[in-house]
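**Q** let's see this in three dimensions:
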Amino acid sequence: MYGSSNKMMKDKKPVKKEMKMTLKDAIEKFDKMKNKPKSNMKSDGKLSKRQRDLMKTHKQHHTKLHLDFMKYLMTKKNYCFEISHELAQKIIGK
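**A** Okay, here's the model as predicted:
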């Protein structure tokens, strides 16, 4: 009995705790990023109708953090949808 439980302890791998990235972390990482593309849009702080429609279809394939970061880039930093998506992929992932 003792031998088998000892063997079970050897088979268990240590569980790594993953640090979840937040929007604040992603923004800080973006601010530290070198060679950022230039902003190419003018924004009034809201998404355009086209951007809102693209985000609706886009949310089926990406996380909420990815979408929130894209929204931040489009509204606050004046990036277009495509560039904000590329930056979100680099910094956050899917």
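
**Q** next helix or strand past the lowest-mean-pLDDT helix or strand in the chain?
**A** Lowest by mean pLDDT, DSSP states H and E among the helices and strands of the chain is helix 2-11, with a mean of 57. Read in the C-terminal direction, the helix or strand following helix 2-11 is helix 23-32, with elements assigned using DSSP states H and E.

**Q** relative to the whole chain's centre, how far out is that next one?
**A** Counting by Cα atoms, centre = their mean, to the nearest Å, helix 23-32 is centred 10 Å from the centre of its parent chain.

**Q** next, the buried residues of that helix.
**A** Taking 16 or more other Cβ atoms under 10 Å as the neighbour-count basis, helix 23-32 is seen to contain the buried residues 26-27, 30. For every residue, glycine as well, the C-beta is placed using N, CA and C.

**Q** now stretch 59-77
**A** By neighbour count, with 16+ other Cβ under 10 Å as the criterion, the buried positions of stretch 59-77 are 62, 65-67, 69-75, 77.

**Q** need those residues in JSON lines with pLDDT, distance to Gln51 and secondary structure, can you?
**A** Output for those, formatted as JSON lines (pLDDT from 0 to 100; distance: Cβ to Cβ, whole Å; DSSP: H, G, I helix; E, B strand; the rest coil):
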{"residue": "His62", "pLDDT": "93", "distance to Gln51": "14", "secondary structure": "coil"}
{"residue": "Leu65", "pLDDT": "93", "distance to Gln51": "18", "secondary structure": "helix"}
{"residue": "His66", "pLDDT": "94", "distance to Gln51": "15", "secondary structure": "helix"}
{"residue": "Leu67", "pLDDT": "94", "distance to Gln51": "11", "secondary structure": "helix"}
{"residue": "Phe69", "pLDDT": "94", "distance to Gln51": "14", "secondary structure": "helix"}
{"residue": "Met70", "pLDDT": "94", "distance to Gln51": "9", "secondary structure": "helix"}
{"residue": "Lys71", "pLDDT": "94", "distance to Gln51": "9", "secondary structure": "helix"}
{"residue": "Tyr72", "pLDDT": "94", "distance to Gln51": "13", "secondary structure": "helix"}
{"residue": "Leu73", "pLDDT": "94", "distance to Gln51": "11", "secondary structure": "helix"}
{"residue": "Met74", "pLDDT": "93", "distance to Gln51": "6", "secondary structure": "helix"}
{"residue": "Thr75", "pLDDT": "93", "distance to Gln51": "9", "secondary structure": "helix"}
{"residue": "Lys77", "pLDDT": "92", "distance to Gln51": "13", "secondary structure": "coil"}
